[in-house]
Each structure stands twice: as structure tokens, then as C-alpha cells.
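*Asks:* Could you look at this predicted model? Sequence included:
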Amino acid sequence: MPCCSSMAGEAEMAKSKIKNNIRQFRFESNQMTQAQLADKAGVTRQTIIAIEARQYLPSLELAIRIAKIFGKKVDDVFEYEE
Amino acid sequence: MNKTQKAAWYSLACFTILLGLVVWWTVQLFVMKERPGWVSSRYIAMLGYLAVLTSGWWLRRKQSKHEPDADERDKMIKKKALAAATISLVLIVAGLLLYMYIVFGPDYSVPVWALVIFSFGIGYLVLAVYSVAVLFQYGRRGGDGEK
């Protein structure tokens, strides 16, 4: 599994090597807004913005929650960029 | 803006207002050689009270009813800000003691009222450092993005 737990937050400022497809999945999920995703994942909208922009690496728990919201595997949502 | 950011802005605003008042009163006392006017102090206190009431309402407002008070990223940001504030506390106290040692010498004694003022001053300064550290971490590369 490519992400996350112990590295969570370490990539806060530098762009993470782990890319994500959250934006794409949001649009595929009936154009879900960042606020709606944040509400479902139990985080603030700022956190979703930071994750999408690869400024923040979520914990494994949050990554799984986000993947479940889209009905996908964590690997589909988060990928390690070589 | 989430609750952590709002709280940081609130602390910073309180610090700035207090700093402004202290500077103004110092100028009145030592430069203009007059005691701070009772009427103007009353108006300032009323304005401060209104500001606290308004910002209290603003702070309680959530972006949505499901928004948590602090999520994992907020907690991480607070933790780093707390570390920065602790380091600043040590540096400020050490700097102040060193300054007093150099200026007044090792045998000088400080009156008790000065210690009280030092404590409050250092407390507010550390709070300001904490707030700036919080806002800095949210602010870097951080626009508010799309809604």
C-alpha cells in the first residue's frame, strides 16, 4: 500500500511523491464538492484542499475513509509516483 | 477558514489590540506626561467588549454542521505551533534574563509587580508566536481553493 500513516503530515509543505485522484473521483461522483467530501470524511475543507494539492499526506485511516467514500481501493485513490 | 485558523486570528487580534493599548498608554504616561484619560479608556473598553462579542459569534460558526473542531491536520499543525511557542518561551525568558543581567548587574532585584507584568507580557508574546506559527502553516501555498 503506497500511503501513509507514519509519514502522515511529513509532506505538509513539500509536494508529496504520492499523487492522488481525489479530484477526478469527486467529479465522477456526481460532481461532489470539496465541502461535501470533507463532511463525509469527517475533516475540514482545508484538509481536503491540502490533500488534493499534495501539500498534506493523510493518515492511513483517513486515506481508507476517503477511498471508501468513492467506493474504491486506497491504491486507486493514492499512487506512489516513481 | 476553519475553527483553528479563526482562533489563531482571534488571538493575534487580541495581542495586537493589547499591544496598541500598551504603546498608547506608555506614550501618554512617559512622552505626553499625562495619565491615560478615563473617558477614552471607557470607550476603548466598550469597543473591545463589542469586538469580543462579535468575534465570539464568528468563531463559533462552522463551515458546515458536520465540520469537526479539529481534524488530524489541524492537530498536527497545533502540535508544531506548540513546539515553536515552547522554544520561543525559552528564548524570550533567557533573552530577558540575560538582558537584565547585562544592564542591571547580578545584584539587582526586581519588584514583584514587574514580575507580574513580565509574566503577562511573555504569555501574550508566546501566544502571538503560537498564532503566527499556526497561520504560517495554513498559509503557505494555501489559498482557500474552490468551494
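*Replies:* Sure, I can see it.
*Asks:* only C-alpha atoms for contact and neighbour calcs from this point on.
*Replies:* Fine.
*Asks:* and chain A, which residues reach chain B?
*Replies:* A:9, A:13, A:33-35, A:38-39, A:42-44, A:46-47, A:49-50, A:56, A:58-59 (C-alpha under 8 Å from any C-alpha of the partner chain).
*Asks:* Packing partners of the helix or strand of chain B with the lowest mean pLDDT?
*Replies:* The helix or strand of chain B with the poorest confidence is helix B:38-60; it has a mean of 72 (mean pLDDT, DSSP states H and E). Judged by 3 or more C-alpha pairs under 8 Å, 6 or more residues apart in numbering or on different chains; DSSP states H and E, helix B:38-60 is in contact with helix B:3-26.
*Asks:* Show me the shaky parts of chain B.
*Replies:* Scanning chain B with the threshold set as pLDDT under 70 gives B:35-42, B:45, B:63, B:140-147.
*Asks:* Return the residues in contact with B:Ile77.
*Replies:* Residues in contact with B:Ile77 (C-alpha atoms under 8 Å, 6 or more residues apart in numbering or on different chains) are B:134, B:137.
*Asks:* Only C-alpha atoms, please: export the least confident helix or strand of chain B in PDB.
*Replies:* Only the C-alpha atoms of helix B:38-60 are listed here, as PDB (Å, rounded to 0.1, in the frame of the first residue of the first chain):
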ATOM      1  CA  TRP B  38     -10.700  58.000  31.900                       C
ATOM      2  CA  VAL B  39     -13.300  58.700  29.100                       C
ATOM      3  CA  SER B  40     -11.100  57.400  26.300                       C
ATOM      4  CA  SER B  41     -10.300  54.200  28.300                       C
ATOM      5  CA  ARG B  42     -14.000  53.700  28.800                       C
ATOM      6  CA  TYR B  43     -14.700  54.000  25.000                       C
ATOM      7  CA  ILE B  44     -11.800  51.600  24.300                       C
ATOM      8  CA  ALA B  45     -13.100  49.100  26.800                       C
ATOM      9  CA  MET B  46     -16.600  49.300  25.200                       C
ATOM     10  CA  LEU B  47     -15.200  48.800  21.700                       C
ATOM     11  CA  GLY B  48     -13.100  45.900  23.000                       C
ATOM     12  CA  TYR B  49     -16.200  44.300  24.500                       C
ATOM     13  CA  LEU B  50     -18.100  44.700  21.200                       C
ATOM     14  CA  ALA B  51     -15.200  43.200  19.300                       C
ATOM     15  CA  VAL B  52     -15.000  40.200  21.700                       C
ATOM     16  CA  LEU B  53     -18.800  39.600  21.300                       C
ATOM     17  CA  THR B  54     -18.700  39.800  17.500                       C
ATOM     18  CA  SER B  55     -15.700  37.600  17.200                       C
ATOM     19  CA  GLY B  56     -17.100  35.100  19.700                       C
ATOM     20  CA  TRP B  57     -20.100  34.600  17.400                       C
ATOM     21  CA  TRP B  58     -17.800  34.400  14.300                       C
ATOM     22  CA  LEU B  59     -15.600  31.800  16.000                       C
ATOM     23  CA  ARG B  60     -18.500  29.500  16.800                       C
END
